[in-house]
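Engineer: next one to model:
(2 chains, ligands or ions: 1)
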Amino acid sequence: MTLRPLLLALAFATAFSPLASSAQDAPAAAHGEMAPIAIGDIAITGPFTRATLPNAPVGGGFLTLTNNGTEDDRLLSASSPIARDTQIHEMAMEGDVMKMRQLVDGLVIPAGQSVVLEPGGYHIMFMGLTQALVEGETVPVTLTFEKAGTITIDLPVGTAAADAPSGHMGH
Amino acid sequence: MNLTHLRTVLWTLVAVAALAATGLYVYTTMTRTSQVAGLGQADYQLLTAAGDAFTRDSLKGSPSMLFFGFTHCPEVCPTSLAEMTSWYEALGDEAKDLRSFFVTVDPERDTAAVIDDYVSWTGHVTGVTGTPDEIAKAAQSWGVFYEKVPLEGSDYTMDHTASIFLVNAAGEFEGTIAYRESSDTALAKLRRLLEG
Ligand SMILES: [Cu+2]
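Structural biologist: Numbering: from 1, shown residues only, chains lettered A, B, ... in the order given. This next block holds a predicted model:
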């Protein structure tokens, strides 16, 4: 066996590792710890969105929701002045196919647990952006929970999607 | 366990990992040639954003990256376009013959003007659109899955294959770069494609 196929094979094997490393692209790590935001029993940490590419019609909002209460709560809806419509979505890769679903019944935040909205998974989806999202600025989003009520928070705009996969470019 | 034993165990693990990786590589290479010969070889009549014809023959002459997506894509498409752009930057002059095409799977919304706006910032990627029928032919030819998924109101999104196809100068399928594949691996694949 020559060396070249072995090297290629190893390169191929390492192709399976990026998902593991991308899991470390935690918003808190990329954007610094923010003061905790809370409404009722729900604590909101690590909110961010991404700068949009030119003429991108959609964007995503990301944050972690922790339910410190003893009863399940539910993120029912989201809204923002930056978009024609704001929805709660789930994205997943099934094999090499990207699938996205709207969570029409909202997103359950189980008692005593955290639910992470992050690239590649649950997200707040801004549909029909009325403006470009510019790195360094913030955009407001209003979240309505079944039990905890309604709160408006600011999402800091991080780097473009360009920087997200590796998590260490442009920082 | 003493050191000698530990060393033996570790070297055994290394050997096993190398063998497994080699086996996987050989397996994928073999299945690739048997299963995907003819990928992209059916006839389809699309148009670039500039209005030029885009057919299977358009992929001949120099190596290409080929991606199927849509502008209303939340993450995979903008990320992939950004990564493709970064690979051009990393390859510099090596990539002077490399062409890239972004074919919409959402031709109803992605008109030539819309898709041109969407990809033009990359400086390297050509937008491609067409009639729904011809898009379907092209996607089927490349083994690309896509499907319209309704959202609240009159909105919809698209599920779609997220891999980037690597096409050689003869217009033949050479492999793929998976979504979020490491840039080192992607660059190695591109260099291999460009070496011919
Ligand atoms: Cu979405």
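
Engineer: show me the shaky parts of the chain.
Structural biologist: Since no chain was named, I'll use chain A. Along chain A, the model assigns pLDDT under 70 to residues A:1-35, A:161-171.

Engineer: wrong one, chain B
Structural biologist: Within chain B, the stretches with pLDDT under 70 are B:1-37.

Engineer: from the centroid of it, which residue is nearest?
Structural biologist: By Cα atoms, centre = their mean, chain B has its centre lying nearest to residue B:164, at 0.9 Å.

Engineer: show me what that residue is bridged to.
Structural biologist: Counting by DSSP bridges, residue B:164 is bridged to residue B:67, residue B:177.

Engineer: wait, what's in contact with it?
Structural biologist: Contacts for residue B:164 (Cβ atoms under 8 Å, 6 or more residues apart in numbering or on different chains) come out as B:65, B:66, B:67, B:80, B:84, B:176, B:177. (Each C-beta comes from the backbone N, C-alpha and C, glycine too.)

Engineer: cool, residue A:154 as well?
Structural biologist: Contact partners of residue A:154, counting by Cβ under 8 Å, 6+ apart, are A:47, A:138, A:139, A:140, A:141.

Engineer: the closest residue to chain A within chain B and the ion, how far apart?
Structural biologist: Per Cβ to the nearest Cβ, residue B:82 is where chain B lies closest to chain A, at 3.2 Å. As judged by Cβ to the ion, to the nearest Å, residue B:82 and the ion stand 18 Å apart.

Engineer: give the next helix or strand downstream of the helix or strand containing that residue.
Structural biologist: Remark: residue B:82 resides in helix B:76-91, with elements defined by DSSP states H and E. Next in sequence after helix B:76-91, counting helices and strands by DSSP H and E, comes strand B:99-104.

Engineer: can you pull the buried residues of that following strand?
Structural biologist: Residues B:99, B:100, B:101, B:102, B:103, B:104 are the ones in strand B:99-104 that count as buried (16 or more other Cβ atoms under 10 Å in any protein chain shown).

Engineer: do I have it right that the residue of chain B closest to chain A meets residue A:160?
Structural biologist: Yes: applying Cβ atoms under 8 Å as the test, residue B:82 and residue A:160 come out as touching, 6.4 Å apart.

Engineer: what residues are shared contacts of those two?
Structural biologist: Each of residue A:53 lies in contact with both residue B:82 and residue A:160 under the rule Cβ under 8 Å, 6+ apart.

Engineer: between the two ends of stretch B:48-67, how far is it?
Structural biologist: One end of stretch B:48-67 sits 13 Å from the other (Cα to Cα, to the nearest Å).

Engineer: show me the helices in chain A, by range?
Structural biologist: Secondary structure of chain A (DSSP state H): helices located at A:3-14, A:18-22, A:27-31.

Engineer: where do the strands sit along the chain?
Structural biologist: Just so you know, I chose chain A. For chain A, applying DSSP state E gives strands covering A:37-39, A:42-51, A:58-67, A:73-79, A:83-94, A:97-102, A:107-109, A:114-117, A:122-129, A:138-145, A:149-160.

Engineer: right idea, wrong chain: chain B
Structural biologist: Along chain B, the segments classed as strands by DSSP E run B:46-48, B:53-54, B:64-69, B:99-104, B:125-129, B:146-150, B:156-161, B:164-167, B:173-177.
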